[in-house]
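Sequence plus the predicted model coming up.
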Amino acid sequence: MQSLVDRLDGLLYFPVTPFARAAASRPGRVDLDAYREHLRSRLAFLDAADRPGPAAVFACCGTGEFHSLDVEEYAECVRAAAEVAAGRVPVVAGIGYGAGLAATFAGAAKEAGADGLLVMPPYLVAGSAAGLREHYTTVAENTDLDLIIYQRDNVTFTPDVVADLAEVPNIVGFKDGKGDLDLMQRIVSAVRDRHGEGKLHYFNGLPTAEMSQLAYAGVGVPNYSSAVFCFVPDIALAFYHAYRQGQTGVVNDLLDRFFRPLVELRAKAPGYAVALVKAGVRLDGLDAGPVRPPLTDAAPEHVERLAELIREGRRVLTEHGIDTAA
């Protein structure tokens, strides 16, 4: 049987979590019917002959508003993802907070059918190197699922700590959301120097990771999270396969005319790394509901701009003779 990391060689799908609309347009409980439809529509691309994907479902992570889910909602979402995926691709569930709560979520994820875990930063605090080493070792000891550790926000690892954590049997991957390429190169080098090639699998976890992936590939980080796959799977897959096949014309046109303007739009307000994705899912025809506070929904003028960018991205595909899903 293939290991988890061997199955993650491809575009990685981070679904949004749809919420029902409650009174005064506030978000209510998770809309599991909409969630399953979101998953089914995106996993249908597994059957594409020319540009298949995605390689995995990362349920209840940052794009999926993990921070806002209680354990019951979380378990329902992970179970739904496992049922829809039906073993065709692995399901990796997000966990976080302190080690005790992380263990609770890890147990719920395993029972719900997850194949692995993405470990997000502990709540609020920024620990020392020794503290981070102990925290992530403890999280790993509390589950037998494989773990991908995630550097972002209040967590910055030293290369030596990552090399230490690579010795933990079920820590199999490292995802970077900091964007410090010098640090990332030193992490890759330190792990390779101590353990040899292939000890950890590396992922680019920056928002709109396509924008930085060419640089990440240069330091030994081959794969990335694709939030845009949630709402423009045709553009996301066209970019991914062009990037892997060295088709620089497609890559550069999409970077110049879709991804760079999208990043600039994303910078208009805090939380748009999630809110714009949900707006895009709604533009694509699925009512994923609002985001939960403290996030706020995208402003109407920004949603209109997003729709323009989607049209422009698909014009790029047409110009290069690539079918669109529009």
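Thanks, I have it.

does the residue nearest to Ala126 when sequence neighbours are not counted count as helix, strand or coil?
Using Cβ to Cβ, 6 or more residues apart in numbering and skipping residues adjacent in sequence, the residue nearest Ala126 is Asn154, 4.5 Å away. Backbone N, C-alpha and C define where each C-beta goes, glycine included. Secondary structure assignment for Asn154 (DSSP: H, G, I helix; E, B strand; the rest coil): coil.

again with Ala269
coil.

Now do it against Ile322, distance only.
In this structure, Ala269 lies at 31 Å from Ile322, with Cβ to Cβ, to the nearest Å as the measure.

still on that earlier bit, need phi/psi at the residue nearest to Ala126.
phi -90, psi 10 (degrees, to the nearest 10).

from memory it sits against Leu124, does it?
Yes - the criterion here is Cβ atoms under 8 Å, and Asn154 meets it with Leu124 at 6.7 Å.

for stretch 46-60, which positions count as buried?
In terms of neighbour count (16 or more other Cβ atoms under 10 Å), stretch 46-60 has its buried residues at Arg51, Gly53, Pro54, Ala55, Ala56, Val57, Phe58, Ala59, Cys60.

can you name the two of those that are farthest apart?
By the measure Cβ to Cβ, Arg51 and Cys60 form the most distant pair in the buried residues of stretch 46-60, at 26.6 Å.

What is the burial count for Ala99?
The number of residues packed around Ala99, counting by other Cβ atoms under 10 Å, is 18.

And for the one 10 residues further on?
As a burial measure, the neighbour count of Ala109 was computed by other Cβ under 10 Å and equals 30.

again with the one 10 residues further on
Per other Cβ under 10 Å, the neighbour tally for Val119 reads 24.

for Leu8, same thing?
Neighbours of Leu8 under the rule other Cβ under 10 Å: 27.

Check Ala108 too.
Summarising burial for Ala108: neighbours were counted as other Cβ under 10 Å, giving 20.

Next: Pro169.
Neighbours of Pro169 (other Cβ under 10 Å): 9.

Regarding the chain, what is its longest helix?
If each helix of the chain is counted by residues according to DSSP state H, the longest one is helix 300-319.

And that one, what's buried?
Under the neighbour-count criterion of 16+ other Cβ under 10 Å, helix 300-319 has His302, Val303, Arg305, Leu306, Leu309, Ile310, Glu312, Gly313, Arg314, Val316, Leu317 buried.

now stretch 156-169
Residues Thr156, Phe157, Thr158, Pro159, Val161, Val162, Ala163, Asp164, Leu165, Ala166, Val168 are the ones in stretch 156-169 that count as buried (16+ other Cβ under 10 Å).

Go ahead and list the helix or strand containing Val281.
helix 272-283 (DSSP states H and E).

Repeat that for Arg36.
With DSSP H and E as criterion, Arg36 is part of helix 32-43.

My guess is Glu76 contacts Val30. True?
Yes - A contact is recorded between Glu76 and Val30 when judged using Cβ under 8 Å, the distance being 6.2 Å.

who's more crowded, these two?
Comparing Glu76 with Val30 by neighbour count (other Cβ under 10 Å), the higher total belongs to Val30, at 24 against 19.

so who does that one touch?
Val30 makes contact with Thr17, Pro18, Phe19, Ala20, Leu69, Glu73, Glu76, Cys77, according to Cβ atoms under 8 Å, 6 or more residues apart in numbering.
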